[in-house]
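A.B. asks: I would like to see how this sequence folds:
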Amino acid sequence: MSVIVKHRKTKDRYIMIGTGYGTMREEKESFYGDHLVNTDDGEVLSTKAAVCDGDGKIYWFDTSQLEVLEIDGKKIEDYNIK
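C.D. replies: The predicted structure is shown next:
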C-alpha cells in the first residue's frame, strides 16, 4: 500500500514508510529494597512518522506536520470519510 503525504509547512510531498513511532518520557529508575524499579507513566511526548522523497532519502517528522493526500493512488477526499 502506498501513502502519499504532504508536509504542511513546506508543501513537499513524500511517500509514507511507517507511523506510530513515539518518544516516551524517560523512565526513572529507583531502588526498592534490592530490586531496580522502572517508573514510566507512559506519557507520549511526540509521535513520529518515517517518510522518503523521490530519491529514497528518509526523513522523520512529527505526525502533526503531515497530511495524507493519497492512498494507493486514490485521493483522500474520494474515501468520503466524515
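A.B. asks: how about Val5: what's its closest non-neighbour residue?
C.D. replies: If you skip the residues right next to it in sequence, Val5 has Leu66 as its closest partner in space, 4.6 Å away by CB to CB, 6 or more residues apart in numbering. (Each C-beta comes from the backbone N, C-alpha and C, glycine too.)
A.B. asks: enumerate every residue touching that neighbour.
C.D. replies: Leu66 makes contact with 5-8, 14, 16, 49, 51 under the criterion CB atoms under 8 Å, 6 or more residues apart in numbering.
A.B. asks: tell me the least confident of those?
C.D. replies: Of all the contacts of Leu66, the one the model is least sure of by pLDDT is Ala49, with 93.
A.B. asks: what's the closest non-adjacent residue to that one?
C.D. replies: Take Ala49 and drop its neighbours on the chain: the residue closest to it by CB to CB, 6+ apart is Thr19, 4.6 Å away.
A.B. asks: element containing that neighbour?
C.D. replies: Element membership of Thr19 [criterion: DSSP states H and E] is strand 13-24.
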